[in-house]
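Peer 1: Need a 3D model of the sequence below.
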Amino acid sequence: MNIFGWIGLLMFLGGCAINPYVAKPGNPTSYGPRYGFSEQIIGKGVYKISYYGTTHQIADDMVMARASVLALKDGYSYFVVDEKSHSDKDFRYYNPAAKGGYYMKDGTYSFAGGYETIKDAQVDLQIHCYQSKPSGVDKEVYDARVIRAEMGSKYKITDEQ
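Peer 2: Sure, this is the predicted structure:
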């Protein structure tokens, strides 16, 4: 099992919050919310990145972290956000332990589960990457190294992630 499998297992078993940066696609399922990235190459140095998470603040930070990683990985130092959108939806799923787990009735054990509703925050970003700092651009220019360092420090993201 790879590192992400172990992390997922620990999150499932422990129910604890850990580093929200998951550098692989989010997987929507009928069993729970989706977390992580999806990304698409639109053109040379142009990417569409989505992050699915628990809050808009975390989703904002994580999509910017991923943008910086993609830019640096492909040899770019700067990027501009061309488009950005936020959305959230209520995600309703069945949680078998929601109402107390097992109970005994008439000599047999039954499951007393229930449905829970949580928010699923999503941030979509389209970026355009540059090797040198562009001039004459009417949008904020981000230094990928600075964003990578800030998000790495804030969320304890390592170069291996």
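
Peer 1: The longest helix belonging to the chain - contacts with which helices or strands?
Peer 2: If each helix of the chain is counted by residues according to DSSP state H, the longest one is helix 56-73. Helices and strands touching helix 56-73, as assessed by 3 or more C-beta pairs under 8 Å, 6 or more residues apart in numbering; DSSP states H and E, comprise strand 36-43, strand 46-53, strand 78-95, strand 114-130, strand 141-143, helix 144-155. Heads up, the C-betas are built off the backbone N, CA and C, glycines and all.

Peer 1: Repeat the analysis, applying 6 Å as the threshold.
Peer 2: Applying 3 or more C-beta pairs under 6 Å, 6 or more residues apart in numbering; DSSP states H and E, one finds that helix 56-73 makes contact with strand 46-53, strand 78-95, strand 114-130, helix 144-155.

Peer 1: To V137, which of the ones you listed lies closest?
Peer 2: Shortest separation from V137 across the helices and strands packed on helix 56-73 is recorded for strand 78-95, at 5.7 Å, computed as C-beta to C-beta.

Peer 1: what lines up beside that closest one in the sheet?
Peer 2: strand 114-130 (antiparallel), strand 141-143 (antiparallel) (DSSP bridges).

Peer 1: Just put the ones you listed in a markdown table and tack on distance to Y76.
Peer 2: As requested, the strands paired with strand 78-95 are exported to a markdown table (distance: least, C-beta to C-beta, whole Å):
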| stretch | distance to Y76 |
| --- | --- |
| strand 114-130 | 4 |
| strand 141-143 | 11 |
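
Peer 1: Would you reformat those as TSV and include distance to S85, mean pLDDT and mean neighbour count?
Peer 2: Shown next, in TSV, are these (distance: least, C-beta to C-beta, whole Å; pLDDT from 0 to 100; neighbours: other C-beta atoms under 10 Å):
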stretch	distance to S85	mean pLDDT	mean neighbour count
strand 114-130	5	84	17
strand 141-143	18	97	16
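
Peer 1: Please name the spatially closest residue to Y76 (chain neighbours excluded).
Peer 2: Once flanking residues are discounted, Y76 sits nearest to C129: 3.6 Å by C-beta to C-beta, 6 or more residues apart in numbering.

Peer 1: Lovely, talk soon.
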